[in-house]
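Enquirer: show me how the following folds:
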Amino acid sequence: ASNPASLAEADMDRVRDLLGDDAAKSLDQLSKLSKMMQDAGLIDQREGRMQLTPRAIRKLGANALRELFGKLRKDMVGQHKIDATGKYIMPALWDMHVHFGGDTLKHENKMLLPLFVAMGVTTVRDCAGDISLDVLQWKKEINAGTLFGPTIYTSGPKLEGPNSIWPGDLEIADEAALSKALDSLHTLKVDFIKITDNTLDPHLFLKSIVAARKRGWKVSGHAPIYNTINELSLSGLSTVEHIGYMTRAASADEEKITEARVQGKINSKEAGEMYAKTFDSTIALQKFKKLAQQGTAVVPTINGSYVTTYLDSIKHDKDDYLKYIGPALKRTYNWRVQRAANDNAVAVQLRHKNFEANAALLRLIHKSGMTILAGTDAGYLNSYNYPGLGMHDELAILVKYGLTPSEALKASIINGPAFFNQSKHFGSVSKGKKADLLLLDENPLINISNTKKIQAVIKNGKYLNRKQLDAILSNIEAEVTLLETKN
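Expert: The predicted structure follows:
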């Protein structure tokens, strides 16, 4: 054959004369199989060689993981006798702020599901992206036991204003559109409502909170610049997502600065400087206590901000954990990395100062009695904020900035279930609770980093020992490697 990969060009009579009928028959079958695979888009020919297409690589990886998880599903549930002498058992972790997204990255997002479980995170709260229908389907399959991954609670598409910069939103311009959007979310059976503030009218933002709460949902969101944090709380906002917004409530002049923004007298940078200059810890504590009384909680998501804040001094491009993240997802990290790299020395110093001021609020928030929920913001776009591992890093950051290990763990394993009214089933190791558990080699109450020292994960009663967890990680790494060969 003129092309070594073109089996159809082979001279079958010559093969039969030289090697016999069986060889000719086998070569003919191989030629037909090759054509079928080419027609199916599984292989192509490049420079005289047959190569797997990206589609084939995805199928191979999916089949490998399916076979592995199929074996895991056959394990008996609730009938394990385990020698846990010298070990430490605790409820498995809940990550209360993750993102699945990237319309062309669905497969790489799906690869993250087993990664969460292998890292001890058995429940995640998806806070919106542009592949909500896929996430809802994954949730359904996981609940049915046909897909391996963490239990998913999701907001589905979030509410935004017209022409939002974020793809996949439900864009609303008036109360009629709001009602239709909530009808759609009801049909999708979402678990809570997420609202952001890119283009959504501030008055409609408040009305959206009220309308969603009337329908029985909890509401999570960003904080529009034209509303005080207390206004949002009084409307029924369940959680403020990201601790940075809380700097506004920590200002003695929050109302004045907010009004100046409404009137267009100051810009965002000027407002930020004014909030910082008017910080008052006594007033902040009073306001935070009021928010606590009104039932508004905080999801700080500090670790992701820490990573990008200190990119000038702490490099992550060689992190070993990158071997579990698909190549296209890794490329979504670039924009934040480049933005940080473009900052001059003054901007870097300001970045550090702002982060430390935000993180310092954690002690006041905790002292006020506000509920803190541990969430990472891990997922696409958020540079080096890793699904799975990020929850352990978030807990470590919470401890670094003022919580005890016990308080940090509570933010995940107790406050997470409580948000969804699931305390009856989760949050402790006791009879009658659902078996989502971690078996650790060391005590996390002594050193929070010990949450990473996982000997076993029990997910919905299924026991996954260290060998099985390593097998999951190895399969994910292998699939990432295959994908990278095509990029």
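
Enquirer: now do the end-to-end distance for stretch 170-181.
Expert: 6 Å (C-alpha to C-alpha, to the nearest Å).

Enquirer: average pLDDT for that stretch?
Expert: For stretch 170-181, the mean per-residue pLDDT is 98.

Enquirer: then stretch 305-325?
Expert: Stretch 305-325 comes out at a mean pLDDT of 97.

Enquirer: and that stretch, which residues are buried?
Expert: Neighbour counts over stretch 305-325 (16 or more other C-beta atoms under 10 Å) mark 305-312, 316, 322, 324-325 as buried. For every residue, glycine as well, the C-beta is placed using N, CA and C.

Enquirer: which two of those residues have the greatest separation?
Expert: D312 and Y324 (25.6 Å; C-beta to C-beta).

Enquirer: where in the stretch 351-487 of the chain is pLDDT low?
Expert: 487 (pLDDT under 70).

Enquirer: check which element follows the helix or strand encompassing H366 along the chain.
Expert: H366 belongs to helix 345-368 when assigned by DSSP states H and E. Next helix or strand after helix 345-368 toward the C-terminus (DSSP H and E): strand 378-379.

Enquirer: so what secondary structure elements neighbour the following helix or strand past that following strand?
Expert: Downstream of strand 378-379, the first helix or strand assigned by DSSP H and E is helix 389-400. Helix 389-400 sits against strand 93-99, helix 302-309, helix 405-413, with contacts defined as 3 or more C-beta pairs under 8 Å, 6 or more residues apart in numbering; DSSP states H and E.

Enquirer: right, so those: which one is the most enclosed?
Expert: When you average the neighbours per residue for each of these (mean count of other C-beta atoms under 10 Å), strand 93-99 leads with a mean of 28.

Enquirer: sheet partners, orientation included, of it?
Expert: strand 121-126 (parallel), strand 378-379 (parallel) (DSSP bridges).

Enquirer: so the helix or strand just after the longest one versus strand 121-126, what angle?
Expert: The reference is to strand 121-126. Later in the chain than strand 121-126, the nearest helix or strand by DSSP H and E is helix 132-144. Relative orientation of helix 132-144 versus strand 121-126 (axes from the mean of the first three to the mean of the last three C-alpha atoms, to 10 degrees): 150 degrees.

Enquirer: run through who's touching whatever helix or strand comes next after helix 132-144.
Expert: Remark: after helix 132-144, the chain's next helix or strand is strand 151-154, criterion DSSP H and E. Strand 151-154 is contacted by residues 122-126, 128, 132, 135-136, 138-139, 142-143, 190-192, 420, 436, 460 when judged by C-beta atoms under 8 Å, 6 or more residues apart in numbering.

Enquirer: please pick the buried ones from those.
Expert: 122-126, 128, 132, 135-136, 138-139, 142, 190-192, 420, 436, 460.

Enquirer: would you confirm that K367 contacts T282?
Expert: No - K367 lies out of contact with T282 (C-beta atoms under 8 Å); the separation is 11.6 Å.

Enquirer: neighbour count winner among these two?
Expert: Between K367 and T282, counting by other C-beta atoms under 10 Å, K367 is the more crowded of the two (14 against 9).

Enquirer: hang on, the earlier thing: any chance of the buried residues of stretch 305-325 in CSV, with distance to V98 too?
Expert: Formatted as CSV, the buried residues of stretch 305-325 follow (distance: C-beta to C-beta, whole Å):
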residue, distance to V98
S305, 15
Y306, 17
V307, 15
T308, 17
T309, 20
Y310, 22
L311, 21
D312, 26
H316, 19
L322, 18
Y324, 15
I325, 14
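
Enquirer: for the residues you listed, which one is nearest K410?
Expert: Closest to K410, out of all of the buried residues of stretch 305-325 and judged by C-beta to C-beta, is Y306, at 20.7 Å.

Enquirer: against E442, how distant is that closest one?
Expert: Going from Y306 to E442 by C-beta to C-beta, to the nearest Å gives 24 Å.

Enquirer: show me the contact partners of the helix holding H366.
Expert: By C-beta under 8 Å, 6+ apart, helix 345-368 touches 243-244, 246-247, 250, 272, 276, 279, 281, 284-285, 288-289, 291-292, 298, 300, 302, 305-306, 309-310, 312, 340, 343, 372, 397-398, 401-403, 407.

Enquirer: can you show me the strands along the stretch 51-200 of the chain?
Expert: 88-91, 93-99, 121-126, 151-154, 159-160, 170-171, 193-195 (DSSP state E, counting those that start in this stretch).

Enquirer: tabulate those (TSV), appending distance to Y333.
Expert: Listed next are these as TSV, based on distance: least, C-beta to C-beta, whole Å:
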stretch	distance to Y333
strand 88-91	31
strand 93-99	13
strand 121-126	19
strand 151-154	23
strand 159-160	24
strand 170-171	27
strand 193-195	22
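
Enquirer: helix, strand or coil for R14?
Expert: Remark: R14 carries the secondary structure label helix [criterion: DSSP: H, G, I helix; E, B strand; the rest coil].

Enquirer: pull the number of nearby residues for it.
Expert: 10.

Enquirer: per-residue pLDDT, it?
Expert: On the pLDDT scale, R14 gets 72.

Enquirer: and stretch 300-315, how far apart are its ends?
Expert: Stretch 300-315 end-to-end distance (C-alpha to C-alpha) = 23 Å.

Enquirer: start the count at 578, not 1, going forward
Expert: Happy to do that; since the first residue is 578 now, the last one works out to stretch 877-892.

Enquirer: on that earlier part again, out of the helices and strands packed on helix 966-977, flag the one nearest L759.
Expert: Among the helices and strands packed on helix 966-977, if distance is taken as C-beta to C-beta, the winner is strand 670-676, at 21.7 Å.

Enquirer: chain center to that closest one: distance?
Expert: 6 Å (C-alpha atoms, centre = their mean, to the nearest Å).

Enquirer: what angle do that strand and helix 879-886 make?
Expert: 50 degrees.

Enquirer: strand 670-676 relative to helix 966-977, how many degrees between them?
Expert: Using the same axes, to 10 degrees: strand 670-676 against helix 966-977 is 110 degrees.

Enquirer: what lies in contact with strand 670-676?
Expert: Here strand 670-676 has contacts from 693, 697-706, 727, 818, 876, 878, 950-959, 964, 967-969, 971, 989-990, 992-994, 996, 1003, 1015, 1028, using C-beta under 8 Å, 6+ apart.

Enquirer: got the CA positions of it in PDB?
Expert: Only the C-alpha atoms of strand 670-676 are listed here, as PDB (Å, rounded to 0.1, in the frame of the first residue of the first chain):
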ATOM      1  CA  LEU A 670     -17.300  17.300  52.700                       C
ATOM      2  CA  TRP A 671     -19.900  19.500  51.100                       C
ATOM      3  CA  ASP A 672     -18.600  22.200  48.600                       C
ATOM      4  CA  MET A 673     -21.300  24.900  48.700                       C
ATOM      5  CA  HIS A 674     -20.100  26.900  45.700                       C
ATOM      6  CA  VAL A 675     -18.900  25.200  42.500                       C
ATOM      7  CA  HIS A 676     -19.300  25.900  38.800                       C
END
